[in-house]
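fold the stuff below for me.
(chains A and B)
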Amino acid sequence: MAVTESVQGSAGERRRATAGKELDGSRPLPGWRRYWPMYAAVSPFFFLFAVFGVFPVGYSIYLSFMSWDGIGDMKGVGWENYAYLLTDGDFWQSITNTLIIWVLSTVPMIFLALVIAYALHTTVRFKAFYRVAYFMPNITSIVAMTLVLGSVFSNSSGLLNNMLRAISAGEVGWLSDPWAMKVAVAAITTWRWVGYNAIICLAGLQAISSDIYEAARVDGANNRQTFFRITIPMLRPVILFVAITSTIGGLQLFTEPQVLFPDAAGNVGGPGGEATTIVLYLYQQAFIFNRFGYGAAIGWALFILIAVFSVINWRLIGGRDELAADKRKGKRRAR
Amino acid sequence: MVVSRRRLLALSAGAAAAGGLGLAGCGSQRSLGAKDEITLWTWDRSVSDKLVGAAETKGIPGAEGLRLSRTNIGGNYNTKVRTTLAGKSSVPDIIAINWDVATYFPNQDEFVDLNDFGAAELKNRYLDWKWKQCVTPEGKMIAFPMDTGPTALFYRTDLLKDAGVSTDPAELAEQVPDWDAYLAFGRRLQKSRRNTVLFPHLQNVWETRLGQLPARYMTEDGEYVGGRDEIREVFELGERVLKDGLSAGVVQDSTDQYGLITSGRQPAAIGAVWWGQLAPESAAPKTKGKWRVTAPPGGAANVGGSFLAITRYSKNPEAAYKFITWLQSPENQSSAYDEMSLFPSSPRSFELPPMRKPAPFYGGQRTVDVFGKSAEQVKTAFISPYDRMLHTVFFAGMASLEAGKSVARAWKDVQDKAERELTREGAI
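Residues are numbered from 1 along each chain as shown, chains lettered A, B, ... in the order given. This is a model prediction of the structure:
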């Protein structure tokens, strides 16, 4: 591997260099004087990362123990922000909303992404066109698309409800009914990310060796068996990646509900706040009500939540192989 | 061009150094703009473009050698202003502030006291209630009045005629003096057009009714009065509106809300002066000439309006003050109304020619007679720093009625929530 090679390479050089220096009779240069050009070369990234990455993260920890309106003096409040968070009904509602929207968007999305990836894999003609077409939503302006889809979902003048009325299926309160609101947000999210994930799954599909499929065919497996016994298990690492990134993305959902339900006198997330996600709630508390300390505390609560869900994902989808292997080993030893 | 490694290193070192200098640079200056510039931050359509443009090119009247530099801040205006104030660098001399000027009361030291520049002399030029909104409970005047949002009853004459209701402004005002009469008026309109509504949603009832009351959520002494009977009656009023089917229950600020005006489903509305431009004039341009305005049922109210404030970082607060008082002089306020529909806060401007023009959209009616009278009758109600937060609580409470909650339940939830939030803010 490249990394090991370069490490060995530099170690070799060092040995040679020291050998040369010893011959000259001079002492080797101290580490920093020899390596500073390398450090200087990589430093711009670390400088910017420290200013715009590490510092804000660290500062938000500090901020979460403060009460601050953004202008005046900060006041230390200890764990008060976190204590309030635990008893804040709106915060818990935002967690429930986020999780519901996440399930409503991620489950169909992963399924659709697999199907589309499989279809793209087997297409013969216009391959590049289809791939670009499915990827398009992901690079389209999310705000612009939400505005457009917002008028599609509009309750009485929307395209969708007009279609439903045309087939006399009645109308759905896409922007006012607690469940329909979540479905609308989930639909926009799914639409945006399904192509992206399909392309990732496609890459995974292409990495599966055709030998395995041929062997399966020789053994007499049908299409369904091949799909469930070969394709899905071989794709597990890819599915894990897709699941984790969608979890992180899904729990941080913000723009879609924010644009779909415009801030009405400071109330976010539509009627009853039924589409208020965690980040949207953070935004309301910090940037509408100027409670920056509380906003920071919500941010850290979200961090914990994402960590927990990532671990669950990993155990569910990725961890099984190692677990099974451990069990097998254990059994063998027992014998 | 092939970038060699050496060249790339040199380039990135240069970029890093420039970036460092840039960062240091923005820390060195507290006030935004050059020495001979008075900087102004506004949002779109908040001040007269013509007058501001003149001050930018020809200089500020009364402050020789100084010119104005205006920036329209898009997006989340409040956040950007707060961030700049918190950063204490490159702060503009003057900022525009929306109706919720009171949210800046806890940080009143960030602004200069306009009384130091003799603002008191101009007090009688402006509406008393508007002036009082600029003054903190400690007596510091942190902002100067800009435009206001007096309310009126807007109605479409053709649809009222169909229902056999009088369309003469004076007669209609007499027939619909209060909310009981207004609801009866709505039921009568429903007889000629079945699905007629008077409100897009109950939040609209809340907003218009609250402005008519002599007090809002808090008193000047910091006492919470949002639990009084007068306020509870607004919730009961909301229930009656629902029972009569006079609320469309659409999502606030949605396409559907303006659709009600376009389709004529909502033939009348109690709205502030800017509503006319926002709704019928933009959403239903074909109804030009069919609209009229008259005194609102239940009394005059103010919804919206804005202010200008001078920050403490200003390099020349005196010149900034001169600019503000020039921009908001009665003459200039009346021309700003003509140009941008910004309704003046100075009653003197109501008499000036630009405001006396008949409005073609309202069938040649002199609308200033209605709005001007309304503006002068607005009750002085104290707006507290917590009003913005409490507003959302009560808004959500009214909306929950629409979702099927009982008045008793919604009322209890709102009071609990208000108390909890105020306790947390340390207000009660």
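
longest helix in chain A, by number of residues?
Looking across chain A with DSSP state H, the single longest helix is helix A:89-122.

in that one, which residues are buried?
Buried positions in helix A:89-122, judged by neighbour count with 16 or more other CB atoms under 10 Å in any protein chain shown: A:91, A:93-95, A:97-102, A:104-106, A:109-110, A:112-114, A:116-118, A:120-121. C-beta here means a position set from N, CA and C on the backbone, and glycine is covered the same way.

same question, stretch B:62-76
By neighbour count on 16+ other CB under 10 Å, the buried set for stretch B:62-76 is B:63, B:66, B:67, B:68, B:69, B:70, B:72, B:73.

now swap in stretch B:256-268 and tell me
Buried residues in stretch B:256-268 (16+ other CB under 10 Å): B:256, B:257, B:258, B:259, B:260, B:261, B:262, B:265, B:266, B:267, B:268.

pull the CA atoms of that stretch into PDB?
What follows is stretch B:256-268, C-alpha atoms only, in PDB (Å, rounded to 0.1, in the frame of the first residue of the first chain):
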ATOM      1  CA  ASP B 256     -53.200  29.500  -0.700                       C
ATOM      2  CA  GLN B 257     -53.500  32.600   1.500                       C
ATOM      3  CA  TYR B 258     -53.100  34.900  -1.600                       C
ATOM      4  CA  GLY B 259     -55.200  32.500  -3.600                       C
ATOM      5  CA  LEU B 260     -58.100  33.500  -1.400                       C
ATOM      6  CA  ILE B 261     -57.800  37.000  -2.600                       C
ATOM      7  CA  THR B 262     -57.200  36.100  -6.300                       C
ATOM      8  CA  SER B 263     -60.300  33.800  -6.400                       C
ATOM      9  CA  GLY B 264     -62.500  36.300  -4.500                       C
ATOM     10  CA  ARG B 265     -63.200  33.800  -1.700                       C
ATOM     11  CA  GLN B 266     -62.100  36.400   0.800                       C
ATOM     12  CA  PRO B 267     -64.000  39.600  -0.300                       C
ATOM     13  CA  ALA B 268     -63.000  41.600   2.800                       C
END
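
is that stretch anywhere near chain A?
Yes: legend: contact between stretch B:256-268 and chain A by CB under 8 Å from any CB of the partner chain is shown at B:256, B:259.

what's the average pLDDT for the longest helix of chain A?
In this model, helix A:89-122 has a mean pLDDT of 92.

now do it: distance to the chain's middle.
Centre-to-centre, helix A:89-122 and its host chain are 11 Å apart (CA atoms, centre = their mean, to the nearest Å).

give me the lowest-pLDDT entry from the buried residues of stretch B:62-76.
Ranking those by pLDDT puts residue B:63 at the bottom, with 83.

how about that one, secondary structure?
Here residue B:63 takes the coil state, with states given by DSSP: H, G, I helix; E, B strand; the rest coil.

hang on, it packs against residue B:323?
Yes: with contact defined as CB atoms under 8 Å, residue B:63 counts as touching residue B:323 (6.9 Å).

any shared contact partners between these two?
Jointly contacting residue B:63 and residue B:323 under the rule CB atoms under 8 Å, 6 or more residues apart in numbering or on different chains are residue B:38.

got the contact list for stretch A:227-245?
Applying CB under 8 Å, 6+ apart, the contact partners of stretch A:227-245 are A:106, A:110, A:113-114, A:118, A:197, A:200-201, A:203-205, A:208, A:212-213, A:216, A:221, A:310, A:313-314, A:317-318, A:320-321.

now, which of these lie within helices?
A:106, A:110, A:113-114, A:118, A:197, A:200-201, A:203-205, A:212-213, A:216, A:310, A:313, A:320-321.

now the residues you listed: which count as buried?
The neighbour-count test (16+ other CB under 10 Å) applied to those identifies A:106, A:110, A:113-114, A:118, A:197, A:200-201, A:204-205, A:216, A:310, A:313 as buried.

and the furthest pair within those?
A:216 and A:310 (32.9 Å; CB to CB).

where does the stretch 201-335 of chain A have low pLDDT?
In the predicted model of the stretch 201-335 of chain A, residues A:264, A:318-335 satisfy pLDDT under 70.

show me the strands in it, by range?
Counting by DSSP state E, counting those that start in this stretch, the stretch 201-335 of chain A has no strands to list.

got the contact list for the closest residue to residue B:199 other than its chain neighbours?
Using CB to CB, 6 or more residues apart in numbering or on different chains and skipping residues adjacent in sequence, the residue nearest residue B:199 is residue B:247, 4.6 Å away. If you count contacts by CB under 8 Å, 6+ apart, residue B:247 has them with B:197, B:198, B:199, B:200, B:201, B:202, B:204, B:205, B:238, B:241, B:402.

where does the residue nearest the centre of chain B sit, in terms of helix or strand?
Nearest residue to the geometric centre of chain B (CA atoms, centre = their mean): residue B:304, 2.2 Å. Using DSSP states H and E, residue B:304 sits within no helix or strand.

quick one, what contacts it?
B:98, B:99, B:148, B:149, B:272, B:274.

one more pass at 10 Å, please.
Residues in contact with residue B:304 (CB atoms under 10 Å, 6 or more residues apart in numbering or on different chains) are B:98-99, B:147-151, B:207, B:211, B:272-275, B:343.
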